[in-house]
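Chemist: structure, please.
(chains A and B)
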Amino acid sequence: MSEKRCDISVMVNAERVERPVLVRQHLVDFLREELDLTGSHLGCEHGVCGACQVMVDGQVVRGCLTLAVQTDGKHVETIEGLSESGVLADLQEAFLNHNALQCGFCSSGMLLSALNIVRHYPDAKRVEIRDHISGNYCRCTGYQAIVNAIESVLVKNRSAAVVGVAL
Amino acid sequence: MKSPAFDYVKPKSLNEALGYLKQYGAGAQVLAGGQSLMAIMNLGLAIPEVLIDINGLPGLTDITVTADGVRVGALVTHATLQRSAEIAKHVPLLWQCVPHVAHLAIRNVGTLGGSIALADPAAEYPAVVLALQATITLEGPNGVRDVGADDYFLGLYETAKAEDELLVAVTFPKVKDSEVMVFDELTRRRGDYALCGLAAAFDVSSGRIRAARLAYLSMGDTPVLAPEAAAALIGKAPSEETIAAALMALVNDLSPRSDLHGSVNGKLHWAKVLFGRSVRQLGKSA
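Modeler: Numbering: from 1, shown residues only, chains lettered A, B, ... in the order given. Here you go, the predicted model:
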């Protein structure tokens, strides 16, 4: 018996992709192996490490716990698309400046969690930043530099907001 | 690891979904949020013949407030619960526990119904459902039936839900003015499975505890009630003496097993710590 495939039509980084997918293929394997988008990484493959995170319809999800077939009719954004659009530029610069990445394996997933903090928790303190990234494993940095980087973007945004109000 | 091959169906109606459940029986797994199921499948611990994807079925994503309860559709996600003003107001125990459920990316997708259908004893919602005596609504080939929380959790990942039934909603009672809800858990890291957790519903008036229902997670094969410890609180003020006396009773309620995470005595200690914290909370809010 050949394995079941389903036709899907999905927007990936603003480009439409239409093709049959193996129903057992999860989203990250689909992105990496079918579309050559290798920025999303597979670490644990059971939802613990966070290296596989991507956006589906604007929400951060675990790519390894999502089937490709489930993204039919949805919008998927990966680290490639989010880098190109400039959405992550501030965070990426801060990660570089604070040495918040070494091997880079966790970075794409970590940046998506960081983006969520910047968007939804602009007043987050260090302890809250740590809570928010607790679902992303980094085996290099000890997290300190990552917290520093995210905090620096929040501080910058807050001072920009204050200036905006003053003007 | 990768999941072995399986078939996949996406029914458009509840009846169609029930038809698939009947057709495939034990070979079927229902895909709601999939945040436990996909992990279990990737680890090779579940090898379903077919996945029945119920996402998109009408009526399962609503939160409905009625005169005496709040009905939460099976596909309501953790993130939706967290953002819901109705849940915060009427079911504060549930609302308090949501931030403890896994991590953001998982809360965006995982569902209340999936958690209650799976009935992981280390999960937060089963303990909350038991503490609040919520009602689980199941739909099967013979129609709809409601099961009370006391009759629902039967064993490790074992519930009153039959193989051909779908969990469609959970209805929680609305909190009363005299009630105080406390959820707390101990984890090594935020979002990890709890080493021990406690969902506690107290009724307090004139500085005395009038009723208490305490449900522990990660203390057995199911969420576990602590009726003797709760009884020891009745009619008492939330004082250190009251806590000390109730803790003597608590060891009769709990019989955790030792495992990689802790010894029996260690787990009982964690249970006592959480018990003390929850009752002290009453002193603060009185």
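
Chemist: ok, what's across the strand from residue B:63?
Modeler: Using DSSP bridges, the bridge partners assigned to residue B:63 are residue B:72.

Chemist: any idea how far the helix ranked longest in chain A is from the chain center?
Modeler: Ordering each helix of chain A by length in residues (DSSP state H) puts helix A:144-166 first. Its chain's C-alpha centre and that of helix A:144-166 lie 20 Å apart, by CA atoms, centre = their mean, to the nearest Å.

Chemist: so what does that helix touch, helix or strand wise?
Modeler: Under the contact definition 3 or more CB pairs under 8 Å, 6 or more residues apart in numbering or on different chains; DSSP states H and E, helix A:144-166 sits against helix A:89-97, helix A:107-120, helix A:126-132. Bear in mind the C-beta positions are built from the backbone N, C-alpha and C, glycine included.

Chemist: quick one: it to helix A:107-120, angle?
Modeler: Here the directions of helix A:144-166 and helix A:107-120 differ by 30 degrees (axes from the mean of the first three to the mean of the last three CA atoms, to 10 degrees).

Chemist: just give the nearest non-adjacent residue to residue B:11, would you?
Modeler: Ranked by CB to CB, 6 or more residues apart in numbering or on different chains and with sequence neighbours excluded, the top spatial neighbour of residue B:11 is residue B:17, at 4.1 Å.

Chemist: return the residues in contact with that neighbour.
Modeler: Contacts for residue B:17 were tallied using CB atoms under 8 Å, 6 or more residues apart in numbering or on different chains; they are B:11, B:30, B:52, B:54, B:57, B:166.

Chemist: before we move on, what about residue B:34?
Modeler: The contact partners of residue B:34, taken as CB under 8 Å, 6+ apart, are A:65-67, A:70, B:109-110, B:114.

Chemist: switch the cut-off to 6 Å
Modeler: Shown in contact with residue B:34 (CB atoms under 6 Å, 6 or more residues apart in numbering or on different chains): residue A:65.

Chemist: doesn't it belong to a helix?
Modeler: No - secondary structure of residue B:34 (DSSP: H, G, I helix; E, B strand; the rest coil): coil, not part of a helix.

Chemist: how about residue A:6, secondary structure?
Modeler: strand.

Chemist: what about the closest residue to it other than its chain neighbours, neighbour count?
Modeler: Among residues not flanking residue A:6 along the chain, residue A:69 sits closest, at 4.8 Å (CB to CB, 6+ apart). Each residue near residue A:69 was counted by other CB atoms under 10 Å in any protein chain shown, and the total is 25.

Chemist: tell me the bridge partners for residue A:61.
Modeler: Counting by DSSP bridges, residue A:61 is bridged to residue A:54.

Chemist: number of residues surrounding it?
Modeler: Neighbour count for residue A:61, taken as other CB under 10 Å: 25.

Chemist: show the model's pLDDT score for it.
Modeler: For residue A:61, the model assigns a pLDDT of 98.

Chemist: what's the answer for residue B:283, then?
Modeler: Listed pLDDT for residue B:283 reads 84.

Chemist: distance of it relative to residue B:49?
Modeler: The spacing between residue B:283 and residue B:49, counted by CB to CB, to the nearest Å, is 54 Å.

Chemist: so what's the residue nearest to residue A:6 up against?
Modeler: Residue A:69 makes contact with A:6, A:8, A:21, A:23, according to CB under 6 Å, 6+ apart.

Chemist: for it, helix, strand, or coil?
Modeler: Three-state call for residue A:69 (three-state DSSP): helix.

Chemist: got it, and residue B:180?
Modeler: Following three-state DSSP, the label given to residue B:180 is strand.

Chemist: next up, identify which helix or strand the closest residue in space to it that isn't next to it in sequence is on.
Modeler: Nearest in space to residue B:180, with sequence neighbours left out and distances taken as CB to CB, 6+ apart, is residue B:202 at 4.7 Å. Assigned by DSSP states H and E, residue B:202 belongs to strand B:196-205.

Chemist: right, and the helix or strand after that strand?
Modeler: strand B:208-217.

Chemist: residues in contact with that following strand?
Modeler: For strand B:208-217, using CB under 6 Å, 6+ apart, the contacting residues are B:122, B:127, B:130-131, B:194, B:197-203, B:223-226, B:230, B:233, B:235-237.

Chemist: list the contacts for the closest residue to residue A:95 other than its chain neighbours?
Modeler: Once flanking residues are discounted, residue A:95 sits nearest to residue A:149: 4.9 Å by CB to CB, 6+ apart. Applying CB under 6 Å, 6+ apart, we find residue A:149 in contact with A:94-95, A:98, A:100.

Chemist: measure residue A:149 to chain B for me?
Modeler: When distance is defined by CB to the nearest CB, to the nearest Å, residue A:149 is 18 Å away from chain B.

Chemist: do the same with residue A:145
Modeler: From residue A:145 across to chain B, the span is 18 Å (CB to the nearest CB).

Chemist: spit out the contact partners of the residue in chain A positioned nearest to chain B.
Modeler: As assessed by CB to the nearest CB, chain B sits closest to residue A:135 within chain A, at 2.6 Å. Neighbouring residues of residue A:135 by CB under 6 Å, 6+ apart: A:50, B:103, B:191.

Chemist: with residue B:155 instead?
Modeler: By CB under 6 Å, 6+ apart, the residues touching residue B:155 are residue B:221.

Chemist: same question, residue B:238
Modeler: B:279, B:282-283.

Chemist: who in chain A is up against chain B?
Modeler: A:3-4, A:23-24, A:45-47, A:53, A:59-62, A:65, A:131, A:134-135 (CB under 6 Å from any CB of the partner chain).

Chemist: now the residues you listed: which count as buried?
Modeler: A:4, A:23-24, A:45-47, A:53, A:60-62, A:65, A:131, A:134-135 (16 or more other CB atoms under 10 Å in any protein chain shown).

Chemist: what's the most distant pair in the residues you listed?
Modeler: A:4 and A:131 (40.0 Å; CB to CB).

Chemist: for the stretch 101-250 of chain B, what lies in contact range of chain A?
Modeler: By CB under 6 Å from any CB, the residues of the stretch 101-250 of chain B that approach chain A are B:103, B:105, B:108-109, B:189-191.

Chemist: cheers, nothing more for now.
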